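Visitor: dropping the sequence and predicted coords here.
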Amino acid sequence: MAFAQKEEVILPSGLIVAASDEYGIFTWAEAKKKCEDKGYGWALPTNEELLDIYNNRESIKSITTGWYWSLTQDTSHFKASNDNYGLAWNLIFSNGSLVSNLKTYTLKARCVKHK
């Protein structure tokens, strides 16, 4: 008997995380849209939510090393005037560091669901 792969993982904090990355790498705007297109409640994770995912990565079997976008914008250098201009935070899953990059960089996306 075959079992269907779970599409979500619920962390101890209650955060619902997609069981797998979105396929491909994306600019910040593309990653944001990809998560929103999953349906009601889905979004890119904030910095705090990304850190929650990182701290619980053992329970999310499909999490990989790499750089993942955060919904949180970095407004310390540029005004966040639109989805394509400025900086946004991302988390490096090999060491748990939060860094900011231009929104035009292409990185991974893991979506979370807000109830």
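Guide: Yep, that arrived.

Visitor: how deep is the closest residue to residue 7 other than its chain neighbours tucked in, by neighbour count?
Guide: Once its chain neighbours are removed from consideration, residue 7 has its nearest residue in residue 19; the separation is 5.4 Å (C-beta to C-beta, 6 or more residues apart in numbering). The way it works is simple: take the backbone N, C-alpha and C, and place the C-beta from them, glycine included. Other residues near residue 19 come to 14 when the count uses other C-beta atoms under 10 Å.

Visitor: repeat that for residue 43.
Guide: Burial measure for residue 43: 15 neighbouring residues, criterion other C-beta under 10 Å.

Visitor: now do the phi/psi pair for it.
Guide: When quoted as degrees, to the nearest 10, the phi and psi of residue 43 stand at phi -160, psi 170.

Visitor: re the thing from before, quick check: the residue nearest to residue 7 touching residue 63?
Guide: No - taking contacts as C-beta atoms under 8 Å, residue 19 lies outside contact range of residue 63: 9.7 Å.
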